[in-house]
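1. mind folding the following:
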Amino acid sequence: MEDRSLRMPPEAEIAAINARHLIETPLKPADLLFVFGTRVDVAERVDAAVRLWREGLARWAIVSGGLTPGDNLTECAVIKSGMVARGVPAMRILEEHRAQNTGENVIFSLPVIDAALGIVNIRSVICLGNTWTARRYPMTLQRHWPEVEKMLLTVDSFATPRARWHTDAEFRRRVLHEWDKIEPYKARGFIAEWPVA
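-> Sure thing, here's the model as predicted:
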């Protein structure tokens, strides 16, 4: 079967992805920063989390991510240690160490958040993750936690500007791989539409 993530998308699809998928929202102080785990561009993820902390945009964070095959530290442990080394107080970072995908990031984190802070006390969340995954982070949160206001910040280490993602073969592959998941995941109930009109 053809790997659709290797295609060169037509201009209309590029425009749709730029407008509907690779979005970021204006940021304002939030009750919680939700750092989705990764093994790719960890430094960029840590940099962004530390910057949000220093700018007063989040006074609590949760880092979610389990073990990756071949590693002995969870994604959570790696990212949290980077944040703490850069000055974010460890006691302000909640931990979730089991998640293996974005759905589990949210599902496994909600009880941790509730136990530590009380879900009802969290009214706004900034989602922090990879550029190519983009709106799938808040769409996953929307499916499991619709009440909370969601903002989105994404990072990557590509030299290619975000709007020109399609001109870099690896950036293009990653974006298309994630973009192609949106409709099937919605149909299966893994994610819900966001932003909500």
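
2. what bits of this protein have low per-residue confidence?
-> Counting by pLDDT under 70, the low-confidence segments of the chain come to 1-2, 197.

3. need the contact list for the residue positioned nearest the centre of the chain.
-> Ranked by distance to the mean C-alpha position of the chain (C-alpha atoms, centre = their mean), the top residue is Gly129 at 3.0 Å. The contact partners of Gly129, taken as C-beta atoms under 8 Å, 6 or more residues apart in numbering, are Val35, Phe36, Thr38, Arg45, Tyr137, Thr154, Val155. Glycine gets a C-beta too; all of them are placed from N, C-alpha and C.

4. ok, now Arg86?
-> Residues counted as contacts of Arg86 (C-beta under 8 Å, 6+ apart) are Val46, Val50.

5. if we go to 6 Å?
-> Taking C-beta atoms under 6 Å, 6 or more residues apart in numbering as the criterion, Arg86 is in contact with Val50.

6. distance of it from Lys181?
-> The gap separating Arg86 from Lys181 is 32 Å, by C-beta to C-beta, to the nearest Å.

7. if we can go back for a sec, bridged to the residue nearest to the centre of the chain, which residues?
-> When bridges are called by DSSP bridges, Gly129 pairs up with Thr154.

8. just how off-centre is stretch 15-27 within its chain?
-> Between the centre of stretch 15-27 and the centre of its chain there are 14 Å (C-alpha atoms, centre = their mean, to the nearest Å).

9. ok, stretch 52-62 next?
-> Worked out by C-alpha atoms, centre = their mean, stretch 52-62 lies 15 Å from the chain centre.

10. how long is that stretch from one end to the other?
-> Stretch 52-62 has an end-to-end distance of 13 Å (criterion: C-alpha to C-alpha, to the nearest Å).

11. other residues contacting it?
-> Outside of stretch 52-62, the residues within contact range by C-beta under 6 Å, 6+ apart are 27, 29-30, 32-35, 88, 92-94, 109, 113, 126.

12. which one's the longest helix in this structure?
-> The residue-count maximum for a helix in the chain (DSSP state H) belongs to helix 102-117.

13. now do the helices in this structure.
-> With DSSP H as the definition, the chain shows helices at residue ranges 11-20, 42-54, 75-85, 102-117, 136-144, 169-179, 182-187.

14. burial check on Val112, number of neighbours?
-> Taking other C-beta atoms under 10 Å as the criterion, the count of residues near Val112 is 15.

15. with that, I have no additional questions.
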